[in-house]
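Student: need coordinates for the following:
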Amino acid sequence: MIEQINTLTGKKAFTSIAVCSSNGMLITGSVDPIVRLWDPRSHEGTLVKQSFIGHCGWISSVFWNKMRENLFISASFDKTVKIWDIRSNKTPLYDLVGHSDRILCCDWSVNEIIVSGGVDCTIKTYRRKI
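Tutor: I've put the predicted structure just below:
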């Protein structure tokens, strides 16, 4: 049997959610340009711990880095994927460009490959230069 154990309420409709496997933190995308970091274990009044501002369109997809729990990516209708570090919400670490239309999904593999797919009917693959 599976039972519901919690309900989190936001102010905008959710489009994407990812759970960090090591600490249970959540990142969410919504029908606005802000990525939010949630701590569902919090007892401090608010469950939203940080807001990451840098996109210009709806957030369509979010994904944690499987090897480094402080990093995640977000994809947006603004045609970009951004890499973020939860230790600093000032600006993204990287902006990944290449799509000619809205991005709908993204993923980050254990071997550090980032992929994104979108309305332009393409899948873009990114890897850090060494």
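
Student: which parts of this protein are strands?
Tutor: Counting by DSSP state E, one finds strands in the chain at the ranges 14-19, 26-30, 32-38, 48-53, 59-64, 71-76, 81-85, 94-96, 103-108, 114-118, 123-126.

Student: with respect to burial, which of the ones you listed scores highest?
Tutor: The highest average neighbour count among the strands of the chain, using mean count of other CB atoms under 10 Å, belongs to strand 71-76 at a mean of 26. For the C-beta atoms, the positions are set from N, CA and C on the backbone; glycine is no exception.

Student: related to what we said a few turns ago, which of the strands of the chain sits closest to residue 8?
Tutor: Residue 8 lies closest, by CB to CB, to one member of these: strand 32-38, at 6.3 Å.

Student: so where's the chain uncertain?
Tutor: The chain contains residues with pLDDT under 70 at 43-46, 130.

Student: can you name the residues bridging to residue 17?
Tutor: Per DSSP bridges, the residues bridged to residue 17 are residue 28.

Student: list the contacts for it?
Tutor: Neighbouring residues of residue 17 by CB atoms under 8 Å, 6 or more residues apart in numbering: 26, 27, 28, 29, 62.

Student: could you dump the strands of the chain into a markdown table with distance to residue 4 added?
Tutor: Shown next, in a markdown table, are those (distance: least, CB to CB, whole Å):
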| stretch | distance to residue 4 |
| --- | --- |
| strand 14-19 | 15 |
| strand 26-30 | 16 |
| strand 32-38 | 17 |
| strand 48-53 | 20 |
| strand 59-64 | 22 |
| strand 71-76 | 25 |
| strand 81-85 | 29 |
| strand 94-96 | 36 |
| strand 103-108 | 26 |
| strand 114-118 | 31 |
| strand 123-126 | 35 |
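
Student: spatially central residue in the protein, please.
Tutor: The geometric centre of the chain, computed from its C-alpha atoms, lies nearest to residue 62 (CA atoms, centre = their mean), at 2.6 Å.
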